[in-house]
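>>> quick one: sequence plus predicted model below, questions after.
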Amino acid sequence: MAINDKAYSPKQFSFLVAEQDDWGTINPDSSGSPDNSWLAVDVDSVGSPSLNLNQVLEPRNGSRILQATDFFQDKLNKVIEVSVSGTATTEVLDLLLGNITQGDTVPYLITSAGAVQNMSSATSNQTANQLLSIAYKSPASGHAIGLKDCFCTSISFNGDAGTEGGRIKFSATFKTGSLPVMNQADIAIDTAISSNNYYMSSWDADDRIIAGHSNVLVNSFTLNVENDVVFAGLTSTGFESASRVGEVSATADFNVKYDDNTDVMLENMHDQATGASEGATLMATDATPSDGEFEFKFAGSVITSAALSEGDMMALDVSVKAVGSGIGSSTALFEIAC
């Protein structure tokens, strides 16, 4: 075989995501059925999927050398993990937030009750947003990698007033316990990269609140949501079931201007009462996150760290964690709108 003179830029590869209807069936091209849209994600970087094959590489059969007959490989019962980061856009966030909260209306939320969510190969039709399909679209025809039965297990948002005008970025991690579709047929992009971006500047001063302290001037922020998945059982195509049974958590980190509205946060962290919330955390244009802008709210929150941050102007690094209002409560632990 002669040397091939083709070469590709990493920028020629695309990361696509789509809602998936049935366990075990990757979302097809737009010409197939169901015809859920493949969305192109505006990525800064994307990690190659960790295929995590089962391999045995130890010498056996009376030899100090690994013989070909000693080698063992199996593809089942391995979790594949994918991470991606990029610019937060409406279409993609609706899909990812819907999946990690298992909701389909804005604002996306999980209540203080934190109900366990279960899915399995025995259920043909999943409810809205329970499953995702992912595709690495290659510029080499017929060499895309498809991932089915995917779950968004963590998602983070961040913004910095001094970077890209405070444009909000995101990163997300996905997991699947099903075998990948190698050499996936060419996939058409149904929805191109969107220009529907979000900015920190949309938040009103009165609705910038951290643990009950309002009118904070935010230099930068990071919001983290985690809702992991655990796989069980075994079939010929991978794990048999998936459940979100671990802790659901929402945390936020801020760098804020040190002033009369924020100086008390150091004392508040030191003197927080056991068994109580310090108050709401909110970044929004109104008291309740609503459709149209990137906004989030913790109904109750506690300060997990606070420290002075020296720069051209004194600032404060503050971290908070959302807390529930009681076991079985229908009050939202967190709400996120986009």
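On my side now, so go ahead. Residues are numbered from 1 along each chain as shown.

>>> so for D29, what's the pLDDT?
On the pLDDT scale, D29 is placed at 58.

>>> surely C152 meets L96?
Yes. Look at C152 against L96 with C-beta atoms under 8 Å: they come within range, at 4.9 Å. C-betas here are computed from N, CA, C, even on glycine.

>>> now list whatever residues contact both of the two.
Counting by C-beta atoms under 8 Å, 6 or more residues apart in numbering, the residues touching both C152 and L96 are A172.

>>> what are the boundaries of the strands in the stretch 51-200 of the chain?
Ranges of strands in the stretch 51-200 of the chain, per DSSP state E, counting those that start in this stretch, are 54-56, 72-74, 80-87, 108-111, 117-120, 131-137, 144-160, 169-176, 181-184.

>>> can you flag the weakest of these by average pLDDT?
strand 117-120 - the lowest mean pLDDT of the strands of the stretch 51-200 of the chain, at a mean of 77.

>>> centre of the chain versus that one, how much separation?
19 Å (C-alpha atoms, centre = their mean, to the nearest Å).

>>> okay, buried residues for that strand please.
Q117, M119 (16 or more other C-beta atoms under 10 Å).

>>> what does it rub up against?
W23, Q102, Q126, Q130, L131, G233, E240, S241, A242, S243, R244.

>>> can you tell me how far the residue nearest to the last one when sequence neighbours are not counted is from S330?
So the one you mean is R244. Closest residue in space to R244, ignoring its immediate chain neighbours: Q117 at 4.4 Å, by C-beta to C-beta, 6 or more residues apart in numbering. Q117 sits 16 Å away from S330, taking C-beta to C-beta, to the nearest Å as the criterion.

>>> repeat that for S14.
40 Å.

>>> which of the two has more residues huddled nearby?
Set side by side, S14 and S330 show more neighbours around S14, with 20 against 9, by other C-beta atoms under 10 Å.

>>> tell me the bridge partners for that one.
Beta-bridge pairing for S14 (DSSP bridges): K137.

>>> gap between it and I134?
Per C-beta to C-beta, S14 is found 11 Å from I134.

>>> what's the answer for V41, then?
Where I134 is concerned, V41 sits at a distance of 9 Å (C-beta to C-beta).

>>> can you check L333 too?
In terms of C-beta to C-beta, L333 sits 27 Å off from I134.

>>> centre of this structure to the edge, which residue is at the far end?
G62 (48.5 Å; C-alpha atoms, centre = their mean).

>>> show the contacting residues for I189.
Shown in contact with I189 (C-beta under 8 Å, 6+ apart): S14, L16, W38, L39, A40, K137.

>>> next one: it from Y198, what distance?
For I189 relative to Y198 (C-beta to C-beta), the value is 22 Å.

>>> run a quick neighbour tally on H213.
H213, neighbours per other C-beta under 10 Å, totals 21.
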